[in-house]
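*Asks:* Sharing a model prediction with you, sequence too.
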Amino acid sequence: MKLPAALAELIGAGNNAVIGVDIGTATLKLVELESTSKGLKLIAAQVVPIPAGGLKEGKIEDAPGLAQVLSKAVVASRTKTKNIAFAVPSSSVITRLVEMPGDLSEDEMEMQLLMEAEQYIPYSLEEVALDFTKMSTSEDGEQAQILLAASRKESIESLVEIAEIAELKPKIVDVEPFCLERVYPLLAEQMEEDSDSLIAIVDIGARTLRFNVLEKGATVYSREESFGSAQLSEEVQRRYGLSAEEANIAQAEGGLPADYQDEVLAPFYDSLIQQISRALQFFYSSSTYNHVDCLVLAGGVVGEGAIADLAETRLELPVIAGNPFSQMELGDKIKEDKLKQIASSMLVATGLALRGIS
């Protein structure tokens, strides 16, 4: 995203190491990667709970509080990297494909887009941050297809504020679906599908279920539903008389009563699979597609993948728990048993971290 002059340090190619930071409603995820002669190496991976009220309906409500959470994650990771990459959800970004003459320089493209942006963006240009990239050029070179992206400045400035309070350097602001596209090759290593496959990624957040479909690694469909793992946590609190914090600890570390699996977790899994089935039907009915080749589940509730096996049986299609780290070398600070529990929640953060070494 291109920002006001005061925030111009965010502009630039991803050629320096960055920490990928994904801020959700319930947790903050942090990933740091390194490129070695053998391939990618995972340096740091952290998930830290976010106090209630830090993020509400996708908007940052408590920047100082979230900055404290970010600082805690950075300290726990023991990283020395100060550069941060954030993402904004697709719901807060407008994208348009624009045809332009193929022989324009980048500066000329920027000038023309700024002059024409009002016809593509339903906001005052003073309220938005704009960026663009060339997607393709016609065979004769006469026409170029440009992807124009715009986000409200307030969304980006809030992320910048969090980083600066935490004494870190915000370098990149990306869009969540683009992060998933970037991490797709890492997921493909888990799947027995070819590069032309149609892959659905279901990211189960605390309050939102994000359904994205990728063809050949590029997003062709994106939708959000109001459903998430918070419903499971709230049922645990109600049934067993626990606080939110106690419920989260009990779910993560065990110790819930014997009826938890059958009376609480199984009904939640049923509801989740119904929600995924509904999202698939919406996709089929609103597009020219009538199938997907594989479904990738993401989010903290996925864990090591028990839900993936159940979903595969119910939906009658291949389902895996997304793990972007399955083929990576692990750094000395990484605990493999813990990583298995959190890997499926780290897709966006991993996609962000990849910006620094691409």
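*Replies:* Perfect, thanks for sending it.

*Asks:* Let me see the ranges of the strands in the stretch 1-150 of the chain.
*Replies:* 19-23, 27-36, 39-49, 55-56, 59-60, 83-88, 93-101, 128-137, 143-152 (DSSP state E, counting those that start in this stretch).

*Asks:* Let me know the helix or strand that the spatially closest residue to Q251 that is not a sequence neighbour is in.
*Replies:* Once flanking residues are discounted, Q251 sits nearest to V236: 6.4 Å by Cβ to Cβ, 6 or more residues apart in numbering. All C-beta spots, glycine's among them, are computed from the backbone N, C-alpha and C. Using DSSP states H and E, the element containing V236 is helix 230-240.

*Asks:* strand partners of the helix or strand of the chain with the lowest mean pLDDT, parallel vs antiparallel please.
*Replies:* Ranking every helix and strand in the chain by mean pLDDT, DSSP states H and E puts strand 55-56 at the bottom, with a mean of 72. If you go by DSSP bridges, strand 55-56 pairs up with strand 59-60 (antiparallel).

*Asks:* didn't Q112 look like it was pressed against E99?
*Replies:* No: contact criterion Cβ atoms under 8 Å: Q112 and E99 do not qualify, at 11.2 Å.

*Asks:* low-confidence ranges in the stretch 1-150 of the chain?
*Replies:* Where the stretch 1-150 of the chain drops to pLDDT under 70, the residues are 1-15, 57-58.

*Asks:* ok, 50 please
*Replies:* 1-14 (pLDDT under 50).

*Asks:* list the contacts for R223?
*Replies:* Applying Cβ atoms under 8 Å, 6 or more residues apart in numbering, we find R223 in contact with R210, F211, N212, A279, F282, F283.

*Asks:* If any of these are buried, give me the ChimeraX selection for them.
*Replies:* Per 16 or more other Cβ atoms under 10 Å, the buried members of those correspond to this ChimeraX selection:
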select :210,211,212,279,283
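
*Asks:* among the contacts of R223, which are in helices?
*Replies:* Using DSSP state H, the members of the contacts of R223 that fall within helices are A279, F282, F283.

*Asks:* which one of those residues sits closest to S155?
*Replies:* A279 (24.9 Å; Cβ to Cβ).

*Asks:* pretty sure the closest one is touching V202, no?
*Replies:* Yes: proximity of A279 to V202 meets the contact threshold set by Cβ under 8 Å, at 7.1 Å.

*Asks:* Quick check: neighbours shared by those two?
*Replies:* Between them, A279 and V202 share these contacting residues under Cβ under 8 Å, 6+ apart: L209, F211.

*Asks:* Tell me how many other residues surround L55.
*Replies:* 22 (other Cβ atoms under 10 Å).
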